[in-house]
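K.L.:
below is the structure, and that's it, no one-letter string:
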């Protein structure tokens, strides 16, 4: 009996010791910053709270400086403090999911179509803002135009604050203009001229492999040369075709005559040596291949912004080269500016201070001091305004807060925005695209893949195994290869996916009133 | 290789024996040499890549010897040594503290679980064993550490989850059982030693090879860990070395793949190929030097653990 008590006692003791060790570690390194402290500066602002703010990506070096500056302002204005958290790009999608599903207190989080805003909103991960907006953030409510508020609605409720800056992320062909002039080649502005251009490069520059794209992603670009797909980036899922002029008609691109013809083109390109033989394993980024003179053309992923970055880079390393750009919208005949869903901020359900969070976000967007601090850093330290242009102090290595260093794409305010001088070219491109602008009818659609989740995963595998080699012309018999792919895709459940997707799409068109 | 020559003239059987030995050595040496080359080549490629200029890598690919020698990769890595050094510090700290604490806990657990006079040893062993078969999964684990223990952004979270690995506890338990006979513990008791005395003076001394093995497992685990940083650390100053590297690489992949349709612009400077290689060298360095020193224990401990356990 006595023995037993001693044993129990020592067990408890050991446990306590262990807990003590842990607690000591924990206290030593900060612990949690959550919770509220007594403010006491002013009565009507309530007690002081710390807002948890979540962004994607990596934090800039000078973030602590910016955070303390912002907190000085926010404490005086709203009696709040803000803690900026970053997910880093590693597994950001998994972390995003964990942040929203674990119920830890978060007050503001970045949203976009590519972070699946629509499906999270549908599942109830965010708080509806409709009632809060007029009282907590009237200025913000007025700042964002009504049609934008309407565009981000999911199930008739607003869950995110959209960014009001209009940009285009349409793609285009980036190519070496100096080589084109040198060998007197045609401008690559259609499938035929593109092929002629590639041929000319291959013939005259034996050390170059003309196409820089790897992993078979050039197909998105080529499809935009040949059809008027609804989606800006030409990336309709599951091999579907939806034309902009007849959105309610959904057809299958995979297995169609056009698809076969495109695949034959890729086979011909491979035979002519436009792709490297190991194209599916190339790890270099297409931009670095272009910038270093290994390739002459990038077919996919070059939006105006990215192209501009390439131009700047090449100007500094190879001043004798010239790059040119052909936007796909010019071939399609229309361009779509990004949808308001594309950049936004939402308040998760777990937030303890939604009103304060919204009020703070209003400051971020509509107050120039907050906006400049978080977009460009400290004036005189990180940047200066030169003739109305943004000018970085030092270079990207020494400057702790480059332009938009906080990844603050969502609270860009056109009224306060400063551009780098080199950005003028992009703005000119945007102006041109403005002329052929049509509304984006695609991004408002929220796909719900729960009915075909298993099939979707199986199809992705089939695609990698059977379609990718076809896309880069690695299969000798294209027609047989396509048949095998279609057969395997059907086994994986392609028809079920396409039917369900079509149904959801048509329901969306009806509810959005699009013909 | 001289031995076969010296014994050549003795007897016929000797000769045959030595010829076999020679053949065996020839085959085994060439086999080992080929194998070592296969292991060394990739490392050499990284090494030469780290000393090449970035442009030559993109243009001509990797070479065994740098075609265009340059130190720009290392210059970039050490341009801001604070970040690399901080990550180093965090990793060294977690490795040392985690390994020490973990060894203490695991040997304790192993010792207790193998004692025949501990009545509930099978129940406890079962609980530990059970977790190797059925785990809660990622989400509950995350919620537990982040919301209940509030460990986000602490050093504890980098150390705590790795302290007790069921596999290592079982290994240690079996090892102690084989290395420390029950009779020894009994006689020590008769001589008046208490359990702690037995643990510190007898068990720890006799279990040294096992401790070295488990210690190396733990140390490698902590050194190579990036996942906990990835999930629980938001503060870049507290990134582990591996995660710091991994994240830099991932950012590049992200820019290439995601930025297509998202149109987001990243203002950070993207490290070049040669910088990546230089970073890989800097990261592997210390553990590479540590290995030869621990290796002899490692081999011994593993075999003993394997044969008798």
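P.N.:
Received the coordinates, thanks. From a predicted model like this one, the values you see are computed outputs, not experimental measurements.
K.L.:
sec struct for the residue of chain A found nearest chain B, please.
P.N.:
Nearest residue of chain A to chain B, counting by CB to the nearest CB: residue A:169, 2.9 Å away. (Glycine included, C-beta is placed from N, CA and C.) At residue A:169, secondary structure determined by DSSP: H, G, I helix; E, B strand; the rest coil is coil.
K.L.:
burial measure for the closest residue to residue B:201 other than its chain neighbours, as a count.
P.N.:
Among residues not flanking residue B:201 along the chain, residue B:193 sits closest, at 7.1 Å (CB to CB, 6 or more residues apart in numbering or on different chains). Counted with other CB atoms under 10 Å in any protein chain shown, the neighbours of residue B:193 add up to 16.
K.L.:
for residue B:193, helix, strand, or coil?
P.N.:
Residue B:193 - assigned by three-state DSSP - is coil.
K.L.:
is it in contact with residue B:199, as I believe?
P.N.:
No. Between residue B:193 and residue B:199 there is no contact under CB atoms under 8 Å: 9.5 Å.
K.L.:
one step back: quick one, phi psi at the residue nearest to residue B:201?
P.N.:
Geometry field for residue B:193 lists phi and psi as phi -80, psi 140, criterion degrees, to the nearest 10.
K.L.:
what segments of the stretch 1-150 of chain B are helices?
P.N.:
Using DSSP state H, counting those that start in this stretch, the helices found in the stretch 1-150 of chain B span residues B:3-6, B:12-50, B:54-60, B:72-79, B:81-114, B:121-133, B:138-143.
K.L.:
make that the stretch 251-400 of chain A, sorry
P.N.:
Counting by DSSP H, counting those that start in this stretch, the helices of the stretch 251-400 of chain A are A:257-271, A:286-291, A:304-317, A:328-332, A:354-366, A:368-376.
K.L.:
and the last one, what's buried?
P.N.:
If I follow you right, that is helix A:368-376. Residues A:370-376 are the ones in helix A:368-376 that count as buried (16 or more other CB atoms under 10 Å in any protein chain shown).
K.L.:
tell me the mean pLDDT for it?
P.N.:
In this model, helix A:368-376 carries a mean pLDDT of 91.
K.L.:
what's the weakest-modelled helix or strand in chain B?
P.N.:
Of all helical and strand segments in chain B, the minimum by mean pLDDT, DSSP states H and E falls on helix B:3-6, at a mean of 49.
K.L.:
near chain B, which residues of the stretch 101-250 of chain A?
P.N.:
By CB under 8 Å from any CB of the partner chain, the residues of the stretch 101-250 of chain A that approach chain B are A:101-104, A:112, A:114, A:167-169, A:171, A:217, A:220, A:232-233, A:235.
K.L.:
just the buried residues of those.
P.N.:
A:102, A:104, A:112, A:114, A:167-169, A:171, A:217, A:220, A:232-233, A:235.
K.L.:
since we're on residue B:215, how many residues are nearby?
P.N.:
22.
K.L.:
still on that earlier bit, pLDDT added to the buried ones among the residues of the stretch 101-250 of chain A next to chain B, as CSV?
P.N.:
Formatted as CSV, those follow (pLDDT from 0 to 100):
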residue, pLDDT
A:102, 85
A:104, 86
A:112, 89
A:114, 84
A:167, 85
A:168, 85
A:169, 83
A:171, 84
A:217, 78
A:220, 82
A:232, 62
A:233, 61
A:235, 73
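K.L.:
mind listing what residue A:93 touches?
P.N.:
residue A:115 (CB atoms under 8 Å, 6 or more residues apart in numbering or on different chains).
K.L.:
the residue of chain A closest to chain B against residue A:338, yeah?
P.N.:
Yes. Assessed by CB under 8 Å, residue A:169 is found in contact with residue A:338 at 5.7 Å.
K.L.:
pLDDT below threshold where in chain B?
P.N.:
B:1-15, B:59, B:79-80, B:252-253, B:255-272, B:290, B:294, B:296-309 (pLDDT under 70).
K.L.:
now, the most widely separated pair of the buried residues of helix A:368-376?
P.N.:
A:370 and A:376 (11.6 Å; CB to CB).
K.L.:
which non-adjacent residue is nearest residue B:273?
P.N.:
residue B:57 (4.3 Å).
K.L.:
for residue A:283, see how far away that neighbour is.
P.N.:
According to CB to CB, to the nearest Å, residue B:57 stands 11 Å off from residue A:283.
K.L.:
comparing the two, which shows the higher neighbour count?
P.N.:
The residue with more neighbours, out of residue B:57 and residue A:283, is residue B:57; 27 against 10, by other CB under 10 Å.
K.L.:
re the thing from before, switch the helices of the stretch 1-150 of chain B over to a markdown table; also include distance to residue A:178.
P.N.:
Converted to a markdown table, the helices of the stretch 1-150 of chain B look like this (distance: least, CB to CB, whole Å):
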| stretch | distance to residue A:178 |
| --- | --- |
| helix B:3-6 | 68 |
| helix B:12-50 | 30 |
| helix B:54-60 | 18 |
| helix B:72-79 | 26 |
| helix B:81-114 | 38 |
| helix B:121-133 | 62 |
| helix B:138-143 | 51 |
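K.L.:
for residue A:505, find the nearest of the ones you listed.
P.N.:
Using CB to CB and comparing the helices of the stretch 1-150 of chain B, the one that lies nearest residue A:505 is helix B:138-143, at 31.3 Å.
K.L.:
in that closest one, what's buried?
P.N.:
Those would be B:142-143, for helix B:138-143 by 16+ other CB under 10 Å.
K.L.:
immediately after that helix, which helix or strand?
P.N.:
Later in the chain than helix B:138-143, the nearest helix or strand by DSSP states H and E is helix B:156-159.
K.L.:
who touches that following helix?
P.N.:
With CB under 8 Å, 6+ apart as the criterion, helix B:156-159 contacts A:22, A:25-26, A:29, B:90, B:94, B:97-98, B:101, B:145, B:149, B:151, B:222, B:225, B:228-229, B:232-233, B:238, B:240.
K.L.:
which element follows that helix toward the C-terminus?
P.N.:
By DSSP H and E, the next helix or strand past helix B:156-159 is helix B:166-179.
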